[in-house]
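A.B. asks: Starting from these lines, generate the structure:
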Amino acid sequence: MAGAVPVTMAEWGADALVCSGYKWLSAPGGVALLAVAEDLAAAIPPMVGWKGSPAPFDFRPQELSLAPGARRFELSTMSYSAAVGLLASIKLLTGIGLTSIQQHAGRLAAELVEQTAPLGWTPYRALADRSASGHIVSLRHRAAVAGEVQAALAREHRIHTSSRGNGIRVSLHTYNCTDDAPAASAATANSMPGMDGWIRLAHLSPNTPAVDVYLYSFGNPRARLVLRHVAYGTVSSCMKVAPGEYSVAMRKPGASPASQPVLSTTVHVVADHAYTVAGLGPASGVRLQVLQDRIMTPKGKILIRVIQASLRQHLVTVTAGAQVLARNLAFAQLTRYRVANPGRWTFRATGASEHTSRMIKLVPNCIHTIVILDNPRHLKIDDLLDTAGAMMMPSGGVAAGLGGTATRSGSAVAPWLVTLAAGSLLALAGGFVIWRAREKPRPAQ
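C.D. replies: Numbering: from 1, shown residues only. Predicted coordinates:
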């Protein structure tokens, strides 16, 4: 701890304190520090060495005299070069201030935990735990092999950590900067062998006509997936894909796959990570935006965010019971995820001239995205289930439904949709599911 946090023997009630110089004190190996309480400094050491005398180089073995203070506990010759390095390091660290170093490491630890959480990494101890150390973070993962990730971080990204108990141990100090946490998070995401990511696609631009949506692997002109006639309010379920670069293209319905897309973007998929690629904004300025989805929740809790996709009501306030999830959220904007308690909640969306409400059941360990849509005469609330159940892969469906058709490259054009017809559900061939809103929104009471 010395060199990472303020150390006060008096507050601890310690009689003696020993620390190495080569860790957070940042000195070379071969030197250590001993501090003793005043009464202990007057005691005779259990083992006496020649360096513990007042004048060790007088070489008087006939008499036993001890140096005053803690130096009487010194035994023999030390590594003087290491001691010089330790002295320089102590001057540097005390010049910065140990409290400042502690706060700096704490901020970096919080950033690291926050940015690796979407990848499925959790700290062995919560940072708020009294027994946790802000300068040491041990990250655990339910599926990744820590030793493999550690080796990949060092080999491919020159980020050096250690592994402990199938966890990655990250040490933070004054020489780490604010760029290191995002770099470590990104490197960790790319260093998780044998794991998949997920993508889903959404059309959330109210006055943009229906489009055909194509998903390509980077550098491969053959589409991995084609969604036909995707209209406003359509969101696909999640498709499992290997980590790597992908491109998403939107074309006019029925347009040739070789034609110029109306919109396109790229998305870098990392292992154990989920994304929504959404068409957002008005038709005059529609854009494809890559949204990072969460796949893990705090135990027993839910995560929730809001996407404002109503053009008629440019500013919308969304509440769940008495809790405000979004206040005057502008069109084509979204909130960050927030932690909430499970239960049955009445969600209300209120704009300048329209409003609506809907009861939604939020079960523990699930992640929800609440989407506010335009609908004839009033707003509409949809519930996207990002993840169902603790530590399960994203399901991505919409509780109220959404729709479209999808074909895979090289197969006959066929609906991949669970379609509502004549009051019954016709389950058609599929694996990548699209849902269309079937339930009429309930007006606010």
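
A.B. asks: looking at it, Lys240 is touching Trp198, isn't it?
C.D. replies: Yes: between Lys240 and Trp198 a contact is recorded at 5.7 Å, counting by Cβ atoms under 8 Å. The C-beta positions use only the backbone N, C-alpha and C, and glycine is treated the same way.

A.B. asks: So these two - more neighbours on which side?
C.D. replies: Taking other Cβ atoms under 10 Å, Lys240 and Trp198 do not tie; Trp198 has more neighbours (23 against 13).

A.B. asks: so that one sits right up against Cys238, yeah?
C.D. replies: Yes: shown here, Trp198 and Cys238 form a contact pair, counting by Cβ under 8 Å, at 4.0 Å.

A.B. asks: which helix in this structure runs the most residues?
C.D. replies: helix 98-116 (DSSP state H).

A.B. asks: What segments of the protein are helices?
C.D. replies: 9-12, 38-41, 80-96, 98-116, 146-157, 180-190.

A.B. asks: mind checking which of those helices is nearest Arg336?
C.D. replies: helix 98-116 (10.5 Å; Cβ to Cβ).

A.B. asks: So which elements touch that closest one?
C.D. replies: When contacts are defined as 3 or more Cβ pairs under 8 Å, 6 or more residues apart in numbering; DSSP states H and E, helix 98-116 sits against strand 136-141, helix 180-190.

A.B. asks: what's in contact with the longest helix of the chain?
C.D. replies: If you take Cβ atoms under 8 Å, 6 or more residues apart in numbering as the criterion, helix 98-116 is touched by 3-7, 93, 121, 123, 127, 134-135, 137, 139, 170, 172-174, 176, 178, 180-182, 184-185, 188.

A.B. asks: what number of residues lie near the closest residue in space to His268 that isn't next to it in sequence?
C.D. replies: Leaving aside its chain neighbours, His268 sits nearest to Glu245 (5.7 Å; criterion: Cβ to Cβ, 6 or more residues apart in numbering). For Glu245, the neighbour count with other Cβ under 10 Å is 12.

A.B. asks: Quick check: Glu245 touching Phe218?
C.D. replies: Yes: using Cβ under 8 Å, Glu245 is in contact with Phe218, at 3.4 Å.

A.B. asks: shared neighbours of those two, which are they?
C.D. replies: Thr266.

A.B. asks: hmm, back to that, tell me the confidence at the residue nearest to His268?
C.D. replies: What the model reports for Glu245 is a pLDDT of 89.

A.B. asks: With Ser411 instead?
C.D. replies: pLDDT, Ser411: 29.

A.B. asks: got it, and the one 10 residues further on?
C.D. replies: With respect to pLDDT, Ala421 scores 25.

A.B. asks: same thing with Ser395?
C.D. replies: 48.

A.B. asks: and what of Ala427?
C.D. replies: We have a pLDDT of 25 for Ala427.

A.B. asks: Show me how far stretch 218-234 is from its chain's centre.
C.D. replies: For stretch 218-234, the separation from the chain centroid amounts to 28 Å (computed by Cα atoms, centre = their mean, to the nearest Å).

A.B. asks: let's have the chain start at 29 instead
C.D. replies: Right, with 29 as the first residue, what we last looked at is stretch 246-262.

A.B. asks: Can you give me the first-to-last residue distance of that stretch?
C.D. replies: Start-to-end span of stretch 246-262 (Cα to Cα, to the nearest Å) is 24 Å.

A.B. asks: Buried residues, that stretch. List them.
C.D. replies: For stretch 246-262, the neighbour count (16 or more other Cβ atoms under 10 Å) marks 251-256, 258-262 as buried.

A.B. asks: And for stretch 57-65?
C.D. replies: For stretch 57-65, the neighbour count (16+ other Cβ under 10 Å) marks 58-60, 63-65 as buried.

A.B. asks: Mark which of those residues are part of strands, please.
C.D. replies: Using DSSP state E, the members of the buried residues of stretch 57-65 that fall in strands are 60, 63-64.

A.B. asks: Looking at this structure, which residue reaches furthest from the middle?
C.D. replies: Gln90 (67.1 Å; Cα atoms, centre = their mean).

A.B. asks: before we move on, back to that, tell me which of the ones in strands among the buried residues of stretch 57-65 is nearest to Gln288?
C.D. replies: Nearest to Gln288 among those, counting by Cβ to Cβ, is Ala60 at 68.8 Å.

A.B. asks: Excluding covalently adjacent residues, which one is nearest to the closest one?
C.D. replies: With Cβ to Cβ, 6+ apart as the criterion, Ala60 has its nearest non-adjacent residue at 5.1 Å, and that residue is Ser48.

A.B. asks: Great, nothing more from me.
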